[in-house]
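1. what follows is a predicted protein model with its sequence.
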Amino acid sequence: MKLTIEQSKLAEILETAYLAISPKPTDPILGNILLIADEDGIVSATGTNLNLTIHTTTTANVEISGQVALPAKLLTDTVSNVKGEITLEVENQACIITHNSGKCRLIGGKSDEFPTLPKGENPTEINLSAKKLQAALEGTLYCASSDETKLVLTGVNFKIDTNKWQAASTNSHKLALVTGTLDSEYSDPINFTVPGKSLGELNKILSQSADTSVCNILLSDRTIEFSLPNTKLISRLLEGEYPKINSLIPRSFEYEFTLERKGFESALKRVSYLAERKQKVVKILWELEATQATLYTEATDIGDAVDSVLMKPATSNSENISIGLNIDYLIEGLKHISTDEIVVRCNKPTQPVIVCPMGGLLNQLYLVMPVEIKQGFEKVNSQNQSTKTEVSTQSEPGTEEVTEVSTQTESSTEEVANVAQATDDSETPQIETPSVVTKDTTKGKSTSRSPRTKKEAATA
C-alpha cells in the first residue's frame, strides 16, 4: 500500500476512529486502527472494541491499494504532530510515514485478524436530522445511570410510534425525556436502547457534523448503525426491558412558574456552597404574591444561605408551596437546557418536579425527585439575624438528621425503580420521597433554625 495525503485529513479520520478504541483492549489487535486504501482514492480508518465500531473515510492520492493495522495511539499521536503532506508506504506489517522534516516506521498487526464490521439482517431504516439527534443526546445522556448492575439504565431508550419519536434516560433519581416528529410513519412501534458510552462518542461526532446533514439509522435485532457523511458508528444494543418512564410523569400540574434560566442557576450555585455536603438540599419557597422564589440552604458546621429570584406564577392556587430538591441534580438539569427561560411545574411537595425549556428545537423535560422537608422553609430575611447566627452554630445531632435523609433517599431510589416497572402508562404513580425534620430551637416558635443539641433537649 502506498498513498499521499494531507496531514489534516488523515489526522481527522484517525482521531474519529480512535474514539472506539478501548484503553485496555481485551485482544492486542483491538488496540489497532485498520487503514484501508482503495484504487478509487478512498482511505478509511476503523477502530473497534467489539461493542462499538467507528468507520470513517476521506480522499487521498492512492498509488497502491492495500490495508494495514497500526497501533492506534502511536499512529494518532505521530500524525497529529507533523504538518503538510504525508506519504504512507506499507511493506508486510511495517508502515513508513514520510513527512516534510523526516520519517518514521511503525510495526503493526495482521490486518486479516482485525474484526469485520457487524451487519444486521433486514434492518429498519430511520432518517433523523443530525442536529435534532444531537439535541436529543445532549438532553438525555446526563441522566443515564453509571451503575453497571442495572445495565439497561446505562443507556438511552428510543421509542417510535407512527411519526412520533422520543429519547429517554433515568438513573432512578432523575429523568430526562426528549420528543419530536419524523417525516416518515411506521406502522409498528419501535423500541430500543443504545449504550450511553456509544452515544457519548456519537455526540462528539455529531458536534462536528453540518447542521443540515441527515443521520441515517439502520436498526437490527442486536446492533444499530448511525451513518453520517463519511462516518459510520455501529453499536450493540442493550438487552432487557426499559422502565416505563412515561408513567412517572404527571399529566397535570397545580403550579407553574416561569424563571430566567441563568439567574436561577446562579442563585442555586451561590447557596450551594453552604448546603450539607452529603445531601446538598435546597429548600425553595415559591411565593405567589411576591412573585419570587426564595432559596435556602444550611450546613451543620458552616452556616446557611438565602437567595431569591423573580418568577412569573401561573396557577389558580393561592397558597405558597415549599419544595426540597437536590441542588446538584437541579443545576445539572439547567446546564442541559439551552433556552433563556424555563418553566417549573409541580403539584405537591412530595411529587416529582418538572423543568422544561421555553421553546427549543425539541420538546424537552427534566424530572427530579423532591426531598420532603416537614419544617424549615420559613423565609429568612435580613432582619432575622439571630436566626442566621443560631443556624451557623448547629451541633452534631443536626448531622445525624441529614445522614438519615441520605439513607432514606437511597430507599426512595428503589421505590422509584419499582414504580418505573409499572405496566399501565395511563396512571400517574404517587412517588414517596424522603423526609428531613427540622426541629425548632425555641418553644412555641417556628423558625428555620438548627435542631437542639442533646444537652439542650435534656435540660428543656
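-> Right, received. Where do you want to start? Here the structure is a predicted model, which is why all the values come from computation and not from measurement. Numbering: from 1, shown residues only.

2. what bridges to Leu325?
-> In this entry, Leu325 is beta-bridged to Val282, by DSSP bridges.

3. so how far is Trp286 from it?
-> 12 Å (C-beta to C-beta, to the nearest Å). Bear in mind the C-beta positions are built from the backbone N, C-alpha and C, glycine included.

4. check Thr26 too.
-> In terms of C-beta to C-beta, Thr26 sits 53 Å off from Trp286.

5. who's more crowded, these two?
-> When Thr26 and Trp286 are compared for neighbours, Trp286 comes out ahead with 21 against 10, by other C-beta atoms under 10 Å.

6. and for the residue nearest to the spatial centre of the chain, nearest residue in space, chain neighbours not counted?
-> Nearest to the mean C-alpha position of the chain, by C-alpha atoms, centre = their mean, lies Tyr142 at 1.2 Å. Using C-beta to C-beta, 6 or more residues apart in numbering and skipping the chain neighbours, the partner closest in space to Tyr142 is His336 (5.6 Å).

7. go on, Gly108?
-> Closest to Gly108 by C-beta to C-beta, 6+ apart is Leu70, at 4.1 Å.

8. the one you found: neighbouring residues, count only.
-> 26.

9. try Leu128
-> Neighbour count of Leu128, defined by other C-beta under 10 Å: 19.

10. so Cys215 sits right up against Leu228, yeah?
-> Yes: Cys215 is in contact with Leu228 according to C-beta atoms under 8 Å; the separation is 5.7 Å.

11. name the residues contacting each of the two.
-> Taking C-beta atoms under 8 Å, 6 or more residues apart in numbering as the criterion, Cys215 and Leu228 both touch 130, 206.

12. neighbour-wise, which of those two wins?
-> Cys215 (23 against 20).

13. wasn't the more buried one part of a helix?
-> No: assessed with DSSP: H, G, I helix; E, B strand; the rest coil, Cys215 is strand; it does not lie in a helix.

14. backbone dihedrals for the closest residue to it other than its chain neighbours, both of them.
-> Distance criterion C-beta to C-beta, 6+ apart; nearest residue to Cys215, sequence neighbours excluded, is Ala130 at 4.8 Å. The phi/psi pair for Ala130 (degrees, to the nearest 10) reads phi -60, psi -40.

15. contacts only, for Ala130.
-> 206, 209-211, 213-215, 228.

16. how about 10 Å then?
-> Each residue near Ala130 by C-beta atoms under 10 Å, 6 or more residues apart in numbering is listed here: 205-207, 209-216, 226, 228-229.

17. circling back to that earlier point, what pLDDT is listed against the residue nearest to Gly108?
-> Confidence at Leu70, expressed as pLDDT, is 96.

18. so which strand or helix has it?
-> Here Leu70 sits within strand 66-71, counting by DSSP states H and E.

19. output that strand as CSV, nothing but the C-alphas.
-> C-alpha atoms of strand 66-71 as CSV (Å, rounded to 0.1, in the frame of the first residue of the first chain):
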residue,chain,number,x,y,z
GLY,A,66,-3.9,-2.2,0.4
GLN,A,67,-4.6,-2.3,4.1
VAL,A,68,-2.7,-2.3,7.4
ALA,A,69,-3.5,-2.5,11.1
LEU,A,70,-1.3,0.0,13.1
PRO,A,71,-1.1,0.8,16.8
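
20. elements contacting that strand?
-> For strand 66-71, the packing partners by 3 or more C-beta pairs under 10 Å, 6 or more residues apart in numbering; DSSP states H and E come out as strand 32-37, strand 42-48, helix 72-80, strand 85-91, strand 94-99, strand 102-107.

21. among the ones you listed, which is nearest Phe257?
-> Phe257 sits nearest to strand 42-48 of all the helices and strands packed on strand 66-71, at 47.1 Å, using C-beta to C-beta.

22. which one is Ala275 nearest to, not counting chain neighbours?
-> Thr297 is the one closest to Ala275 (C-beta to C-beta, 6+ apart), at 4.0 Å.

23. poorly predicted segments of this structure, please.
-> Counting by pLDDT under 70, the chain contains low-confidence ranges at 210, 374-460.

24. list the strands paired with the one helix or strand Val355 maps to, with their directions.
-> Val355 belongs to strand 353-357 when assigned by DSSP H and E. With DSSP bridges as the test, strand 353-357 is paired with strand 341-346 (antiparallel), strand 363-368 (antiparallel).

25. can you dump the C-alpha atoms of the first one in PDB for me?
-> Extracted as PDB, the C-alpha positions of strand 341-346 are listed here (Å, rounded to 0.1, in the frame of the first residue of the first chain):
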ATOM      1  CA  GLU A 341     -36.300  30.900  30.100                       C
ATOM      2  CA  ILE A 342     -37.500  27.700  31.800                       C
ATOM      3  CA  VAL A 343     -40.800  26.500  33.200                       C
ATOM      4  CA  VAL A 344     -41.000  24.700  36.500                       C
ATOM      5  CA  ARG A 345     -44.200  22.600  37.100                       C
ATOM      6  CA  CYS A 346     -45.200  20.800  40.300                       C
END
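
26. starting at the chain centroid, how far to that strand?
-> In terms of C-alpha atoms, centre = their mean, to the nearest Å, the centre of strand 341-346 is set 20 Å apart from its chain centre.

27. check contacts around Leu167.
-> One thing to correct before we go on: residue 167 is Ala, not Leu. So, once contact is read as C-beta under 10 Å, 6+ apart, Ala167 ends up touching 132-133, 135-137, 139-141, 156-159, 176-180, 194, 199, 362, 364.

28. grab the nearest non-local neighbour of it.
-> Ala167's closest residue in space is Ala136 (C-beta to C-beta, 6+ apart), at 4.3 Å.

29. could you look up the SS state of that neighbour?
-> helix.

30. touching, it and Gln364? I think so.
-> Yes: if you go by C-beta atoms under 10 Å, Ala136 and Gln364 touch, sitting 8.6 Å apart.

31. more neighbours, those two?
-> Taking other C-beta under 10 Å, Ala136 and Gln364 do not tie; Ala136 has more neighbours (29 against 25).

32. ok, the more buried one - contacts?
-> Listed by C-beta under 10 Å, 6+ apart, the contact partners of Ala136 are 128-129, 156, 158, 165-168, 176-180, 199, 203, 206, 361-362, 364.

33. what's the separation between it and Val178?
-> Where Val178 is concerned, Ala136 sits at a distance of 4 Å (C-beta to C-beta).
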